[in-house]
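Novice: 3D model of this:
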Amino acid sequence: MKFKKRANIGDFLTIRVKDAVCDLYFPEIIDDLVRFTSEFKDYRILSGGSNIIAGDVKKPVLYMGKAISTSDTDDVDEYLVKTFMPSWVSNAALLDYSIKNGLSGVEFLAGIPGNLGGALYGNAAPAGSSWDDVVGVIYVIQDGKVFPFIPKYSYRSLDNKPEGCFVIYGAELILTKDTSENVRSRILEFLSKRIKIKGHSAGSLFKNPKDGKAGYMLEQCGMKGFSVGGAKLSDNHANIILNTGEGTFDDFCRLKDIAIERVREKFGVTLEPEVQFWYD
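Specialist: All right, here's what the predicted structure looks like:
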């Protein structure tokens, strides 16, 4: 397994944090994943990097953004197909696969950046959709062992994930047979509803609270277009976090803290970050 000490990982993050560094490990075969999880008990996983804002990370980081295996597909019946998909497949590649093979079920991923592993871990899906409807089994690697479990999801959460650190190796997806034209049409429909983001971004900074919308609350607090150094909230949507070009980890942390405090003062609600902040 390849290794790079104190690697700058800004280019691995969609928001391009200027000073993001870590000890970075690059697995090449599945045995590397087994050995890594045997050796390290406290670590972080980097894959698509679409919802991460990192600084000087002290924990070892495992890079899961490179394919080291292929998918495997079996018919369940005349309507359904069971497909094993590795976690490092990008969301865009999974959508292309579904169009090419006329398989429906993951169209809601349209316009969502990142890789399958991150989408499974955070239940990345628009309102009205969930990975509950698609995933049969998730395969994880922990403490040098591979095991499956049946996931349970809620809003932006994999509720029954294993305790401690683990690696999502892949998932068994249950997809519906359809025509490529129908799948493509639904993907375009989901795309039409997505917010168009220009520039380097990690998407939504905060989760929506139980009663309300984070974007609305932030806008009412004057946060639309607000910036701290190179970190900025979008001029078009107050909950979209952007990097204007030179954003540092401290810039993003300060902006987050200011936004949380303003919403708490005005609405009595404490917003919870949707983006992962890697402090250590």
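
Novice: how does this structure divide into domains?
Specialist: 2-63, 72-193, 200-278 (automatic domain parsing).

Novice: got the end-to-end distance for the last one?
Specialist: Spelled out, that is domain 200-278. Across domain 200-278, the terminal residues are separated by 18 Å (CA to CA, to the nearest Å).

Novice: In three-state terms, label Lys210 for me.
Specialist: Under the three-state scheme (DSSP: H, G, I helix; E, B strand; the rest coil), Lys210 adopts coil.

Novice: Just give me the neighbour total for it.
Specialist: Residues lying near Lys210 (other CB atoms under 10 Å) number 7. Placement of C-beta: from N, CA and C, glycine included.

Novice: Quick check: the gap between it and Thr270.
Specialist: Separation of Lys210 from Thr270 (CB to CB, to the nearest Å) stands at 11 Å.

Novice: Could you do Lys224 as well?
Specialist: 20 Å.

Novice: Quick check, Lys4 in contact with Leu24.
Specialist: Yes - if you go by CB atoms under 8 Å, Lys4 and Leu24 touch, sitting 4.9 Å apart.

Novice: Who has more neighbours out of those two?
Specialist: Leu24 (20 against 14).

Novice: what about the closest residue to the more buried one other than its chain neighbours, which SS state?
Specialist: In this structure, Leu24 finds its nearest non-sequential neighbour in Ala7, 4.1 Å apart by CB to CB, 6 or more residues apart in numbering. Classification of Ala7 using three-state DSSP returns strand.

Novice: Would you confirm that Ala7 contacts Tyr25?
Specialist: No - in this structure Ala7 lies outside contact range of Tyr25 using CB under 8 Å: 9.7 Å.

Novice: So for those two, which sits in the more crowded spot?
Specialist: Tyr25 (23 against 19).

Novice: Next up, phi/psi of that one, please.
Specialist: phi -110, psi 140 (degrees, to the nearest 10).

Novice: now the residue of the chain positioned farthest from its centre: how far from Thr179?
Specialist: Within the chain, the residue lying farthest from the chain centre (CA atoms, centre = their mean) is Glu78, at 32.4 Å. To Thr179, Glu78 is 15 Å away according to CB to CB.

Novice: This completes my enquiry, with thanks.
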